[in-house]
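Q: Starting from these lines, generate the structure:
(chains A, B, C and D)
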Protein chains: 2
Amino acid sequence: MSLPHALLTSLIEKPCSGYELARRFDKSIGYFWHATHQQIYRELARMEENGWVSSSEVEGGRAGKKRFEVLPAGRAELQRWAAESAAPLRLRDELMLKLRAEAAIGPLGISEELEKRLHLHEQELANYRTIEERDFNAPSLSRENEIHYLILKAGIAYEEGRIQWTKEALAVIHKLDNNSQTSSR
Amino acid sequence: MSLPHALLTSLIEKPCSGYELARRFDKSIGYFWHATHQQIYRELARMEENGWVSSSEVEGGRAGKKRFEVLPAGRAELQRWAAESAAPLRLRDELMLKLRAEAAIGPLGISEELEKRLHLHEQELANYRTIEERDFNAPSLSRENEIHYLILKAGIAYEEGRIQWTKEALAVIHKLDNNSQTSSR
DNA sequence: CGGACCATGTAATCGGTTACATGATTGC
DNA sequence: GCAATCATGTAACCGATTACATGGTCCG
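A: Numbers count the residues shown, from 1 in each chain, chains lettered A, B, ... in the order given. Have a look, this model is predicted:
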């Protein structure tokens, strides 16, 4: 399981409250490892039990607000985890299932779905490009930023690949739909 | 949830036993929607309760062997599901988490992991290329095969993109590691 | 006759999702 | 004063993973 290690990494980058962590997640690590606030709170509680992080009430902040910090044991755990090999990534793409259903019992009008996806991928790509310009436009980057840029580039390459493929898929589906129309005349 | 619909599609393509279904899954739909045999058996039982599939003991086969077939209600359900829009795909890539950890507390020797991934992606690509030559090499394809080919091409594009990115990642990591060596002399 | 594989299941656990719930603070 | 947002949680449910369990058949 990787969520606790994602949280450790994020807390090392910057100690903060569970709420802030959830927010930051949405805009960084969440792009490739989504988590809801409930998952995060539960996991933070477990990590505190394990002695990986410590929490302290924030003086002067809102009531009940905690600030989580990574303890040496947490840092050690993160190192241990980073050294073991990651489980191979398993894709789960519902769109491919629908295409397969389209092949089996279609036509089912999959084009709309493809158009929608195309739009989403284009939006996400534009988003990534904005981040790229904003954060990685400097003539030379720190070690940390070089690696963060690398991660972003994985996202960019993925979205670009998907956009290209989706366009091809639309072309094929249109061709097939036209053919079946023609032959049924 | 999509697993039952994946199973319906597969059973429409060819009625079979739960065991065979699990096997076929490994070599087709499983590439983008993995499922264990337990998930499949449980889901088949539920689908039978719902009247989406029917099972019959196979005469002359092994004892207890069942053959599942899709009923009209199952076919209708598959159509209904195909029309609704798919949830946007959420990636979960542990490797990106490790890179982020590498940025925060590295160097941790992420190169080995990247090399391993590169190898896996190259293997998977070779596998897909074999399938491509074997199944989609004809001068003209049926409607069904055109769509199956499209799905395969999504896999091929994904693996190729990953291979390219991983090579870039290795280059960046090596550059960073060498720089830190040089500057510490 | 023994090992590989066919074939189906139960049980326990755990992670992820969703709904519900509460109260404080900031800003209009 | 009221709405939005900050901030933290509980509870229920469901899907996924893993371990365990059973017995038949095919082939050498």
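
Q: Strands along chain A, start to end?
A: Using DSSP state E, the strands found in chain A span residues A:53-57, A:66-70.

Q: and those as a markdown table, adding distance to A:Arg143, mean pLDDT and mean neighbour count?
A: Any C-beta I mention is one placed from the backbone N, CA and C, and that applies to glycine too. A markdown table is the format used below for the strands of chain A (distance: least, CB to CB, whole Å; pLDDT from 0 to 100; neighbours: other CB atoms under 10 Å in any protein chain shown):
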| stretch | distance to A:Arg143 | mean pLDDT | mean neighbour count |
| --- | --- | --- | --- |
| strand A:53-57 | 25 | 89 | 15 |
| strand A:66-70 | 19 | 92 | 19 |
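
Q: Give me the sheet partners of the worst-scoring helix or strand of chain A on mean pLDDT and which way each runs.
A: Ranked by mean pLDDT, DSSP states H and E, the weakest helix or strand in chain A is strand A:53-57, scoring a mean of 89. Here strand A:53-57 has these sheet partners by DSSP bridges: strand A:66-70 (antiparallel).

Q: Which strands or helices does the helix of greatest length in chain A pack on?
A: Ranked by residue count, the top helix of chain A under DSSP state H comes out as helix A:143-183. If you count contacts as 3 or more CB pairs under 8 Å, 6 or more residues apart in numbering or on different chains; DSSP states H and E, helix A:143-183 packs onto helix A:111-135, helix B:94-105, helix B:143-184.

Q: Now for A:Leu152: which residues touch it?
A: A:Leu152 is in contact with A:Tyr128, A:Ile131, A:Glu132, A:Asp135, A:Phe136, counting by CB atoms under 8 Å, 6 or more residues apart in numbering or on different chains.

Q: at 6 Å what do you get?
A: By CB atoms under 6 Å, 6 or more residues apart in numbering or on different chains, no residues touch A:Leu152.

Q: Next: A:Asn50.
A: Applying CB under 6 Å, 6+ apart, we find A:Asn50 in contact with no residue.

Q: Could you check how far it is from A:Ser10?
A: With the distance defined as CB to CB, to the nearest Å, A:Asn50 ends up 17 Å from A:Ser10.

Q: one step back: make TSV out of the strands of chain A and add distance to DNA strand C.
A: Formatted as TSV, the strands of chain A follow (distance: least, CB to the nearest atom of the strand, whole Å):
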stretch	distance to DNA strand C
strand A:53-57	12
strand A:66-70	13
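
Q: nearest to DNA strand D, of those?
A: The minimum distance between DNA strand D and the strands of chain A falls on strand A:66-70, with 3.8 Å, by CB to the nearest atom of the strand.

Q: just to revisit the earlier point, would you list the strands of chain A in TSV and tack on distance to B:Pro15?
A: As requested, these are exported to TSV (distance: least, CB to CB, whole Å):
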stretch	distance to B:Pro15
strand A:53-57	53
strand A:66-70	54
